[in-house]
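A.B. asks: Pasting a predicted model and its sequence here:
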There are 2 protein chains.
Amino acid sequence: MGPQTEEMHPADLADVAEALPEELVRAFLAALPRERAAEVLEYLDEELRTQVLEELPAGEAAEIVAEMDPDERADALEELDEETADEILQELEPEEKAETERLLQYDPYTAGGLMTTEFVSVLETLTVEESLRGVRAMARGGRREAMYTIYTVDDTGRLRGVLSLRELLAAPEGTRISELAWSEVVSVSPDMLQEEVSQITSNYDLVALPVVDVDKRLLGVVTVDDVIDVIQEEGTEDAQKFGGMEALEEPYMQISLWQNVRKRGGWLAVLAVSEMLTASVMARYEDELGRVILLAQFIPLIMSSGGNSGSQATSLIIRAMALGEVRLSDWWQVVQRELPAGLILGLMLGTLAAARISAWALLGLYDYGPHHFRLALTVGITLVSIVTIGSLTGSMLPFLLRRLGFDPASASAPFVATLVDVSAISIYFSVAYMMLRGTLL
Amino acid sequence: MGPQTEEMHPADLADVAEALPEELVRAFLAALPRERAAEVLEYLDEELRTQVLEELPAGEAAEIVAEMDPDERADALEELDEETADEILQELEPEEKAETERLLQYDPYTAGGLMTTEFVSVLETLTVEESLRGVRAMARGGRREAMYTIYTVDDTGRLRGVLSLRELLAAPEGTRISELAWSEVVSVSPDMLQEEVSQITSNYDLVALPVVDVDKRLLGVVTVDDVIDVIQEEGTEDAQKFGGMEALEEPYMQISLWQNVRKRGGWLAVLAVSEMLTASVMARYEDELGRVILLAQFIPLIMSSGGNSGSQATSLIIRAMALGEVRLSDWWQVVQRELPAGLILGLMLGTLAAARISAWALLGLYDYGPHHFRLALTVGITLVSIVTIGSLTGSMLPFLLRRLGFDPASASAPFVATLVDVSAISIYFSVAYMMLRGTLL
């Protein structure tokens, strides 16, 4: 006999549900004990969860979501159309209803939207035994989350200290809890953005982060499992944006062809229209190009080198910003790092390309004509400039976007490459004009 | 008066230490109680930690690292030069020494390298009270990590079940622990790679993941704070690789100019050399280009559109692989998604570009000559092909790299763009040859 459903992890049960034909998911959930069904819902793919909850009679749906952790319950209702969400809310017990409505007020992408209201707080005047008794009672009451960090509060509900359940268990009996608790508590306000919440949690290795109002009154607690989800989500969003598209909101294998095209098409079109500027720039140099067709051969090399160095610099800065290593005010320090780095990298590529042209000419592999040395110099000088410009543009674009209130991760590799391409063509032909005037031009 | 150092979070104390002139860090740590110093070391920047430990007399260093969690201790020693690490190991108590040596045997990037040996396991035949007494004794013994998940074992040490400290606290007295524990335990082997460990932990919302040997004997536990670090590290590595460079191993603001250049220069040079192939390809079409200089104007547009669509597809697949959404065997399904998506996106861009050329010609904004319609068609057809090829190349490259045993994240945006560029030029001139033969060519 295989494992009973009550022995299986709810994440695995959710996988089972996702593999079922849609019309059977409801029956599957109905067959589970209510608490179990609630757990499975927490792990279920969002779209499927929404669908199931919308199909269930409001009373049945309410009975299941009542068993969910308050933060998960609010998340689940957030996704429903307003009418259904309201119907379900009406069916909840008054206390659960009020709690859920309070949570629903917060932006889902903030500390308030992430937090659960099921935390453990005790009056700081209690003793270890009194507190432990309270904790055991809460554990028996079925509270599941944020059990292992205990917050101490004064009689107005203000957050005063924190201790771990371990410390409580280890403390000699009779100790007053205020003597045990740490008074330096890292806490955040409910409107803090989820990126910052995840940075703080990972910097301090917290398993729970308390959320307080302006008077330091404890509102809720963000638990580490939600933080992991945030980190994963933000990472995915950043990666997709950096790849030059809008972030998908669902796993790649689940999106439709239409979503796939829509999320990519917009940026592709914008980039293509911008890139058409290069055609206009080149049109201005048509005469020069007509006289020295050779110049065209190195356009791809020059464009891609500028784009590549820009893409490197951008990925470095976006990631450093996401981890909180680099702040807006650090821009000048970054310039001081990228300028020399860009110059050195540019000199390297410039030398490489000039050497390639001269070598081909001297070895007779290709006939660059009598002025091959000037051509090599033209390409080399252009590369030094464009790699430097690429590094600077790539590193500064995330700062500029953030300063203007956009997500710095929108500074995608293709975006930077396109920005750099237009200058690449102009610089190339200007350098060529200077270097080759009187000889080839 | 400000907070005492003993009230400050060790992460903040580590920030203080990092801000000090290097020669004062040792004195600062020496001034702290030993256990406190150990905590600060756990949060200290790796390079600084290594330096401090190498400068301290082995005896003093051993006294501090003895207070660290076993997994953190092994990580700290791993970074030291072998001789110093050995000297410190010799100074440890025999039991700590043996434990640390055991942990040092594992590859740091596997479950074995991440796990701590300070977990709580109890014989499944005990009762709730007996177990709770054991847990409180362990808590008093200063064990800090993995306290909140309790593993049950049989008398040979085989993992049998799991329960949370909450469940233990909530259980009616007298219950046998085997009746409480869940028998379906998610566990991994010590050689599982850290990426997979983090996927499992986040899929199951675990706070701790047990590591077992082939006989199911419990070796250690990976805790969620280490998993968060892994997720952050892997995300940074992937982002930097995708940006077209080697992953930095340190925060951007801490690397030297030389490291910055070295991590980027290698890939830039390889990409530039590959891109030089485009020069050779174009050399072959010099005649055609000489006759229709106009063609050069659209080279940047064509190259960048191919690169951009490739970069989008790559970022999608790399991320989906990192999250475990897409596996190696899914490649054909991905082809079936990317082929139509690429065609539609290509048709869109092709139409856009052809419209731009025709519009400019008809409005008299630029003189593309009498055959502007054929030119528009040439650019349009090329874009349809190259965007499709870009989407396919970009999505398949991560599969190919993984199949060959490389990190799929090495399929960077610049790498894909360079691959696509060479075909872009060939396709463009082939289409032009077909379309314009007898008219312009």
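C.D. replies: Received the coordinates, thanks.
A.B. asks: Please report how far A:D45 lies from B:L168.
C.D. replies: 32 Å (C-beta to C-beta, to the nearest Å). All C-beta atoms are positioned from the backbone trio N, CA, C, and that covers glycine.
A.B. asks: So for those two, which residue has more residues nearby?
C.D. replies: With neighbours defined as other C-beta atoms under 10 Å in any protein chain shown, A:D45 and B:L168 compare such that B:L168 has more, 22 against 15.
A.B. asks: ok, and the more buried one, which helix or strand is that part of?
C.D. replies: helix B:165-170 (DSSP states H and E).
A.B. asks: which outside residues touch that helix?
C.D. replies: A:135-136, A:139-140, A:143-144, A:147-148, A:165, B:128, B:131-132, B:135, B:147-150, B:177, B:180 (C-beta atoms under 8 Å, 6 or more residues apart in numbering or on different chains).
A.B. asks: Report the buried members of those.
C.D. replies: Taking 16 or more other C-beta atoms under 10 Å in any protein chain shown as the criterion, what is buried in the contacts of helix B:165-170 is A:135-136, A:139, A:143-144, A:147-148, A:165, B:128, B:131-132, B:135, B:147-150, B:177, B:180.
A.B. asks: quick one: A:I150 and A:V120 touch, right?
C.D. replies: Yes: contact criterion C-beta atoms under 8 Å: A:I150 and A:V120 qualify, at 5.0 Å.
A.B. asks: Tell me the residues that contact both of the two, please.
C.D. replies: In contact with both A:I150 and A:V120: A:V135, using C-beta under 8 Å, 6+ apart.
A.B. asks: Can you give the distance of the next helix-or-strand element following the helix holding B:L168 from its chain's centre?
C.D. replies: Later in the chain than helix B:165-170, the nearest helix or strand by DSSP H and E is helix B:177-180. Centroid separation for helix B:177-180 versus its chain: 39 Å, with C-alpha atoms, centre = their mean, to the nearest Å.
A.B. asks: quick one: is the helix or strand just after helix B:177-180 near chain A?
C.D. replies: Using DSSP H and E, the helix or strand that follows helix B:177-180 in sequence is helix B:194-203. Yes: Helix B:194-203 lies within reach of chain A by C-beta under 8 Å from any C-beta of the partner chain, at B:T201, B:S202, B:N203.
A.B. asks: Against which helices or strands is helix B:194-203 packed?
C.D. replies: Packing contacts for helix B:194-203, counted by 3 or more C-beta pairs under 8 Å, 6 or more residues apart in numbering or on different chains; DSSP states H and E, involve helix A:224-242, helix B:111-114, strand B:208-212, helix B:224-242.
A.B. asks: What about the buried ones among the contacts of helix B:165-170, which are in strands?
C.D. replies: B:T149, B:I150 (DSSP state E).
A.B. asks: Would you mind giving the domain segments of chain A?
C.D. replies: A:5-105, A:120-223, A:252-436 (automatic domain parsing).
A.B. asks: can you put those in CSV and add mean pLDDT?
C.D. replies: Listed next are the domains of chain A as CSV, based on pLDDT from 0 to 100:
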stretch, mean pLDDT
domain A:5-105, 86
domain A:120-223, 87
domain A:252-436, 89
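A.B. asks: Looking at these, which is nearest to B:A30?
C.D. replies: Among the domains of chain A, domain A:120-223 comes nearest to B:A30, with 22.6 Å by C-beta to C-beta.
A.B. asks: what's the span of the closest one from first residue to last?
C.D. replies: The straight-line separation of the ends of domain A:120-223 (C-alpha to C-alpha, to the nearest Å) is 12 Å.
A.B. asks: Please look at A:E46 and A:E79 and confirm they touch.
C.D. replies: Yes: with contacts counted by C-beta under 8 Å, A:E46 reaches A:E79, the gap being 6.0 Å.
A.B. asks: neighbour count winner among the two?
C.D. replies: A:E79 (16 against 13).
A.B. asks: Any buried residues in stretch A:355-370, and which?
C.D. replies: Applying 16+ other C-beta under 10 Å to stretch A:355-370 flags A:R356, A:I357, A:S358, A:W360, A:A361, A:Y366, A:Y368 as buried.
A.B. asks: same thing with stretch A:158-174?
C.D. replies: So, applying 16+ other C-beta under 10 Å, buried residues of stretch A:158-174: A:159-171.
A.B. asks: Stretch A:200-208 now?
C.D. replies: A:I200, A:T201, A:S202, A:N203, A:D205, A:L206, A:V207, A:A208.
A.B. asks: State the pair within those that is farthest apart.
C.D. replies: A:N203 and A:A208 (14.4 Å).
A.B. asks: Sounds good, over and out.
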